[in-house]
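Novice: Predicted model and sequence below, questions to follow.
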Amino acid sequence: MKLGGVISIKKQTIEVLKQAYIELQRIIANLYVEADKAVAEGNYSDASLLQSQADNLYQTAENLEIVIVEQEE
């Protein structure tokens, strides 16, 4: 256990979390691209759905990044 109550995890776990973060970033970018395309086509309901899902995944990625940074300290 590290100081401040942060639990230490295996290096392999950190690597898997980093890979998940990278994949999430790719998915998020794709969702934003598709949202932009939907807007260009005037399909605002699809654009809204794609945007909101991208935003949700962005928050998840941000939280995951915090976990990764804390574990690497």
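Specialist: That came through fine.
Novice: For the rest of this, base every contact and every neighbour count on C-alpha atoms.
Specialist: OK.
Novice: Residue 73 and residue 21, how far apart?
Specialist: 18 Å (Cα to Cα, to the nearest Å).
Novice: The two: who's more crowded?
Specialist: Applying other Cα atoms under 10 Å to residue 73 and residue 21 shows that residue 21 carries more neighbours, namely 20 against 7.
Novice: Just give me the residue right at the centre of this structure.
Specialist: residue 61 (2.4 Å; Cα atoms, centre = their mean).
Novice: I'd say that one and residue 21 touch.
Specialist: Yes - taking contacts as Cα atoms under 8 Å, residue 61 lies within contact range of residue 21: 5.9 Å.
Novice: returning to what we had before: please identify the helix or strand for the residue nearest to the centre of the chain.
Specialist: Element membership for residue 61 (DSSP states H and E) is helix 44-72.
Novice: hmm, back to that, quick one: residues contacting the residue nearest to the centre of the chain.
Specialist: 21, 24, 25 (Cα atoms under 8 Å, 6 or more residues apart in numbering).
Novice: among those residues, which are in strands?
Specialist: Nothing among the contacts of residue 61 maps onto strands, per DSSP state E.
Novice: Sort out which one of these lies nearest residue 65 for me.
Specialist: residue 21 (7.0 Å; Cα to Cα).
Novice: Kind regards, and thank you for your time.
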